[in-house]
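Visitor: No sequence on hand, only this structure:
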């Protein structure tokens, strides 16, 4: 499965999710690939320094990361698109409307994985219609304190947990 993570600048949240997913998948020897993009990416930049520190503390590696802007081709190449906010989800669907049935916020995906016990976008679409998730957004840490970066990193790592429980059980 190929997962795309999307945030605004592609220098904090989405690279954290991307690189944590890569590390967890590698450690568990899972066939999960990942990348990320930003709706208003700081193209060519690495992971923001404080986000990189948090990423490393969680077991990810920011080395060699380069931010890029979301395009229809990037969005369409993913099996699952996970965004950091509902606004990002809407922006993905603006550039790639055919992704409707495979685009969720990361927090939605985590909750739907818990509820359904599967990573199946079709089941999640039904679940979203029947029982929507109310907490959809992971806040942007840019310009915030170290504590905020740590909370955001923890939120991302925790949201990945239910997904990896299912991937590992396959």
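Guide: Arrived safely, thanks for sending. Quantities reported herein were computed from a predicted structural model and do not represent experimental measurements.

Visitor: elements contacting the longest helix along the chain?
Guide: Within the chain, and with DSSP state H defining each element, the longest helix by residue count is helix 146-169. On a contact count with 3 or more Cβ pairs under 8 Å, 6 or more residues apart in numbering; DSSP states H and E, helix 146-169 meets helix 13-28, helix 49-57, helix 106-116. Quick note: C-beta positions are derived from backbone N, CA and C, even for glycine.

Visitor: okay if I get those as TSV plus distance to residue 150, mean neighbour count and mean pLDDT?
Guide: Output for those, formatted as TSV (distance: least, Cβ to Cβ, whole Å; neighbours: other Cβ atoms under 10 Å; pLDDT from 0 to 100):
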stretch	distance to residue 150	mean neighbour count	mean pLDDT
helix 13-28	11	23	98
helix 49-57	6	19	98
helix 106-116	17	21	97
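
Visitor: which residues of this structure score low on pLDDT?
Guide: Across the chain, nothing is flagged by pLDDT under 70.

Visitor: and if we set it to 80?
Guide: 170 (pLDDT under 80).

Visitor: So which of the helices and strands packed on helix 146-169 is nearest residue 124?
Guide: Among the helices and strands packed on helix 146-169, the nearest to residue 124 by Cβ to Cβ is helix 106-116 (4.2 Å).

Visitor: which parts of the helix or strand just after that closest one are buried?
Guide: Using DSSP states H and E, the helix or strand that follows helix 106-116 in sequence is helix 121-130. Residues 121, 124, 125, 127 are the ones in helix 121-130 that count as buried (16 or more other Cβ atoms under 10 Å).

Visitor: re the thing from before, nearest to residue 167, of the helices and strands packed on helix 146-169?
Guide: Closest of the helices and strands packed on helix 146-169 to residue 167 is helix 13-28, at 7.4 Å (criterion: Cβ to Cβ).

Visitor: quick check, distance from that closest one to the centre of its chain.
Guide: 9 Å (Cα atoms, centre = their mean, to the nearest Å).

Visitor: right, so of the helices and strands packed on helix 146-169, which gets closest to residue 65?
Guide: In terms of Cβ to Cβ, the element of the helices and strands packed on helix 146-169 nearest to residue 65 is helix 13-28, at 5.2 Å.
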